[in-house]
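> just coords:
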């Protein structure tokens, strides 16, 4: 049977705000979000915050939040609503929720990305360097032949 | 604003960079949100319905494992909307919806087959790589081949 769209949930989106900032902790971020007085639900997390609300409200909030630390705030969309019982750790007996692992892996590169974004805005050009080319098959065959010959 | 498909489709870094440079990232949470927030009679844990593997049949044959077809039912609609793509080649970590190697190969093939402007990169591991990563993405997203879709 075809699902019917719930009109009330149709335009509600959830976004993850991940911090890699030297100026802001998740608690500070939460106060800043509250101060903006947007009609959204906010949850503080270990990596930053989650915000959920109507698309226009959330996108407007995101624009305002980014200005606070343009190089230390990273944002992506989340599929599940905040506190959804199918994902929330409180009801699943602990452990990381499935989506956390991708964030955990990518969080390691966020300090690099922060510096790279700052340098890009400062106009620093990319230092592209040629990676060593893979060994040619004919050269490799010759090396093998030489090795065998020397035995 | 062009619609940019990112791969891995749940990547925080890619989604943020695409959004930051003024385009709309096409990410898998957008499709998952539709599944888990739509109210209907079919309400198993994630609202995956018997219709979904059928949608996946458009991209993979019936003898292909249902997991591939199920995943393609999420990624396929993103592919169809994509006007350009940013692909990280062979990401070390792929979790959740990206955790199936066969699906990932199929997605990469379909991106190439669609012949949309595509940028291929590797995840950065040091400052030089990161500078290169951001620079290439920024230049690609501001290039005429991407902007012509606006």
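Ah, there it is. Given the structure is predicted, the values throughout are model-derived calculations rather than measurements. Numbering: from 1, shown residues only, chains lettered A, B, ... in the order given.
> where along chain B do the helices fall?
Applying DSSP state H to chain B gives helices spanning B:12-20, B:28-37, B:51-56, B:66-81, B:101-114, B:127-141, B:144-147.
> Serialize the ones you listed to TSV and add fields for distance to residue A:39.
From N, CA and C alone the C-beta is placed, and that goes for glycine too. Shown next, in TSV, are those (distance: least, C-beta to C-beta, whole Å):
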stretch	distance to residue A:39
helix B:12-20	21
helix B:28-37	18
helix B:51-56	33
helix B:66-81	29
helix B:101-114	37
helix B:127-141	31
helix B:144-147	34
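> deepest of these, which one?
Mean neighbour count (mean count of other C-beta atoms under 10 Å in any protein chain shown) peaks for helix B:12-20 among the helices of chain B, with a mean of 25.
> Show me what it is in contact with.
Residues outside helix B:12-20 that contact it (C-beta atoms under 8 Å, 6 or more residues apart in numbering or on different chains) are A:16, A:18, A:66, A:74-77, A:102-103, A:106-107, A:109-110, A:113, A:117, B:4, B:6-8, B:24-25, B:27, B:86, B:88, B:123, B:134, B:137-138, B:141.
> which SS class is the nearest residue to residue A:69 once chain neighbours are set aside?
In space, and not counting its chain neighbours, residue A:69 is closest to residue A:21: 4.7 Å by C-beta to C-beta, 6 or more residues apart in numbering or on different chains. For residue A:21, the assignment made with DSSP: H, G, I helix; E, B strand; the rest coil gives coil.
> Does residue A:21 touch residue A:70 like I think?
No: using C-beta atoms under 8 Å, residue A:21 makes no contact with residue A:70, being 10.1 Å away.
> which of the two has more neighbours?
residue A:21 (20 against 12; other C-beta atoms under 10 Å in any protein chain shown).
> close enough to count as contact, residue A:86 and residue B:37?
No: if you go by C-beta under 8 Å, residue A:86 and residue B:37 don't touch, sitting 11.3 Å apart.
> contact partners of the least confident helix or strand in chain B by mean pLDDT?
Among the helices and strands of chain B, helix B:144-147 carries the lowest confidence by mean pLDDT, DSSP states H and E, at a mean of 75. Outside of helix B:144-147, the residues within contact range by C-beta under 8 Å, 6+ apart are B:2, B:4, B:23, B:83-84, B:117, B:140.
> neighbour-wise, which of the residues you listed leads?
Sorting the contacts of helix B:144-147 by how many neighbours each has (other C-beta under 10 Å) puts residue B:4 first, at 29 neighbours.
> how close does that one sit to residue B:55?
22 Å (C-beta to C-beta, to the nearest Å).
> Same check on residue A:48?
34 Å.
> pLDDT at residue B:127, what is it?
The model reports residue B:127 with a pLDDT of 89.
> from the middle of its chain, how far away would stretch A:121-134 be?
The chain centre lies 24 Å from the centre of stretch A:121-134; the measure is C-alpha atoms, centre = their mean, to the nearest Å.
> Over to it now: how far is its first residue from its last?
In stretch A:121-134, first residue to last residue: 34 Å (C-alpha to C-alpha, to the nearest Å).
> list the buried ones in it?
Within stretch A:121-134, the residues that count as buried by 16 or more other C-beta atoms under 10 Å in any protein chain shown are residue A:126.
> Please work out which residues outside it touch it.
Counting by C-beta under 8 Å, 6+ apart, A:70-71, B:128, B:131-132, B:135-136 sit against stretch A:121-134.
> Is residue A:79 in contact with residue B:29, as I believe?
Yes: checked against C-beta under 8 Å, the pair residue A:79 and residue B:29 is within contact range at 3.8 Å.
> what bits of chain B have low per-residue confidence?
Applying pLDDT under 70 to chain B flags residues B:40-48, B:95-97, B:149-150.
> And for residue A:105, nearest residue in space, chain neighbours not counted?
In space, residue A:105 is closest to residue B:93, 4.2 Å off (C-beta to C-beta, 6+ apart).
> residues contacting that neighbour?
A:101-102, A:105.
> and if you look at residue A:20?
Contacts of residue A:20 by C-beta under 8 Å, 6+ apart are A:72-74, A:107, A:110-111, A:113-114.
> switch the cut-off to 6 Å
A:72, A:110-111, A:114 (C-beta atoms under 6 Å, 6 or more residues apart in numbering or on different chains).
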